[in-house]
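Engineer: pasting the structure only:
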């Protein structure tokens, strides 16, 4: 989580003003998050898998704040609920994702937005 702002700054470096970022990431209370056993939680919404990789589970509010603080405007930002099926094992699990689109504002637009608020 402490590197998220840096990741968004890296995205900004390759986008022109008006450029878009479209993404889907894990949402809070996703089935995978609920399956973690005790001892795997690193901090709030942040977990370590058995293979050592890490997963963060976003709220729509967190996602919007990260991008808006970096000079983006929110085009859409909502939860997507899907059911994933494993036919071989005969199971279906609910999945929750955050799906978003953000547009990079120009410096002038950012200045205007800041002077209004």
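Structural biologist: Great, that's in hand. Keep in mind that this is a model prediction, so the values were computed, not measured. Residues are numbered from 1 along each chain as shown.

Engineer: residues contacting residue 94?
Structural biologist: When contacts are counted by C-beta atoms under 8 Å, 6 or more residues apart in numbering, residue 94 touches 31, 81, 82, 83. Yep, even glycine has a C-beta here, placed from its N, CA and C like the rest.

Engineer: same thing but 7 Å
Structural biologist: 31, 81, 83 (C-beta atoms under 7 Å, 6 or more residues apart in numbering).

Engineer: over to residue 36?
Structural biologist: residue 47.

Engineer: picking up where we left off before, for residue 40, state which of the contacts of residue 94 is nearest.
Structural biologist: Nearest to residue 40 among the contacts of residue 94, counting by C-beta to C-beta, is residue 31 at 14.6 Å.

Engineer: show me what the nearest residue to that closest one once chain neighbours are set aside is bridged to.
Structural biologist: Computed as C-beta to C-beta, 6 or more residues apart in numbering, the closest residue to residue 31 that is not its neighbour in sequence is residue 93, at 4.4 Å. Residue 93 has these beta-bridge partners by DSSP bridges: residue 84.

Engineer: any low-confidence regions in the protein?
Structural biologist: Counting by pLDDT under 70, the chain contains low-confidence ranges at 108-117.

Engineer: do that again at 80, thanks
Structural biologist: Along the chain, the parts satisfying pLDDT under 80 run over 107-117.

Engineer: can you give me the neighbour number for residue 57?
Structural biologist: Each residue near residue 57 was counted by other C-beta atoms under 10 Å, and the total is 22.
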